[in-house]
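Chemist: no sequence for this one, just the structure:
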């Protein structure tokens, strides 16, 4: 396959052209040959197989097409399907997929035909359930997992002696985390793309809630429920290496967000209702947040009233609870990586929910305990005004990244000002706040200077105390030295009368 001729060549099964799916169905539907394939597919349950059979009987449908749609919705690649055809010795099916498989794997269609006894020597990594996450999210690492003699496809239906790949010890290192994520995905609904078209009125422009770097969010009505639908879209009419990287990154982020939201359920994490991978672009279906983002409310967009001080405190506590949950649940903390007021959403009761997990990743709590070396990110991603110095300069990645970003949000809530303003001196809100904090020698007069003027504090001592708490916590969370920043046990300090605990 010449990638220069087709920059948008499909990678995932759900991206296969209808013509190719029909060709495969023509070969596999007769004599129920598709059942052999279903038997070898990890992630395919008995209920899926029965659904394919029922469709063939009741509606004269194509069970192969249904099977590929179900399996494709689980995020498997075309190369994974090619491996299964290799194991089943379905040479014609392998040949149909050749245009979508890297040239270095083409010879195995011939090997399968001429030397079937050597099939176990093909240099394919396993596509077992425990490897799905790494296969999808680490495309750049494919070469490192391609090992001689490691080919194997295994599922719950095949005995371990027959099907366990030689790379199993390596897989076991990741089995715990992978199984947890896959379990979460299996409990998340897959929604037909056709349902999403109806829910969003065929992507009507008046349904648009917002736009981001990798997609558009629409308001929809699905099963008589208001929802938000993220439509993951790449650049249009792009070409070249930069375009290819953009396309890979948008898909990586959508899958990462899908897995994180499926795994972590909490009152202060945005609820994922379902996802769709059977259409021309991936879609995620979320709980609809009727009060928009915290950024919208702080700026009083659409003529909305300003948030009062007790509500700001409540929102702060909710966000800290969500982040504390991410950082302390499981064997490895999850770093959100893009905490900002625009990614904190408010439901009809103003309960905050953390959203946009496209940059989330596994991390470590500290980089200075037990002699551990710090994790280093390969690229700087996120919103610069919310990123700590150690990340922007050295890409050091710990949970203290989220602590710093949350501190900036606290300062936003206290001041009502943006995290960055080009006509402000200093331009960054952290530096701007510290400037007045040092000048005044504390917070005694800061309410007069820095408090959000859209909601007057006056002589109200409760309001003043909340303002001071937000400011002090914000400053403590945004210290230059990450070792001096608060951990998210600070949530216990977010109370109306506990300023001294900071």
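Modeler: In hand now; what should we look at? Here the structure is a predicted model, which is why all the values come from computation and not from measurement. Numbering: from 1, shown residues only.
Chemist: Let me see the contact set for the nearest residue to residue 51 once chain neighbours are set aside.
Modeler: Nearest residue to residue 51, sequence neighbours excluded (C-beta to C-beta, 6 or more residues apart in numbering): residue 66, at 6.8 Å. All C-beta spots, glycine's among them, are computed from the backbone N, C-alpha and C. By C-beta atoms under 8 Å, 6 or more residues apart in numbering, the contact list for residue 66 reads 51, 52, 55.
Chemist: got it, and residue 270?
Modeler: 261, 286, 287, 289, 345, 353, 354, 355.
Chemist: do residue 346 as well
Modeler: Residue 346 touches 289, 290, 291, 292, 293, 294, 297, 315, 352, 353, counting by C-beta under 8 Å, 6+ apart.
Chemist: For beta bridges, what are the partners of it?
Modeler: Counting by DSSP bridges, residue 346 forms beta bridges with residue 352.
Chemist: on that earlier part again, just the element for the residue nearest to residue 51, please.
Modeler: For residue 66, the host element (DSSP states H and E) is helix 63-72.
Chemist: Can you give the domain ranges for the protein?
Modeler: Domain assignment for the chain by automatic domain parsing gives 13-187, 190-287, 294-501.
Chemist: any chance of these in TSV, plus mean pLDDT?
Modeler: What follows is the domains of the chain, written out as TSV (pLDDT from 0 to 100):
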stretch	mean pLDDT
domain 13-187	64
domain 190-287	83
domain 294-501	82
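Chemist: And the furthest pair within the contacts of residue 270?
Modeler: 261 and 289 (13.8 Å; C-beta to C-beta).
Chemist: Give me the buried subset of the contacts of residue 66.
Modeler: Using 16 or more other C-beta atoms under 10 Å as the burial test, those include 52, 55 as buried.
Chemist: Closest one to residue 330 out of the contacts of residue 66, please.
Modeler: Distances from residue 330 to these, taken by C-beta to C-beta, are shortest for residue 51, at 32.9 Å.
Chemist: Residue 69 versus the closest one, what's the distance?
Modeler: From residue 51 across to residue 69, the span is 10 Å (C-beta to C-beta, to the nearest Å).
Chemist: returning to what we had before: in helices only, show me the contacts of residue 270.
Modeler: When the contacts of residue 270 are checked against helices (DSSP state H), the matches are residue 261.
Chemist: Save the contacts of residue 270 as TSV, and put in distance to residue 43 too.
Modeler: Compiled in TSV, these are given as follows (distance: C-beta to C-beta, whole Å):
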residue	distance to residue 43
261	19
286	24
287	26
289	31
345	31
353	29
354	28
355	27
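Chemist: What are the buried residues along stretch 37-47?
Modeler: 37, 38, 40, 41, 42, 43, 44.
Chemist: In terms of distance to residue 101, which of the residues you listed ranks first?
Modeler: residue 37 (16.5 Å).
Chemist: what about the strands in the chain?
Modeler: All strands of the chain, identified by DSSP state E, fall at 189-190, 208-212, 215-222, 225-232, 272-276, 283-287, 334-335, 344-346, 352-354, 361-362, 375-376, 396-397.
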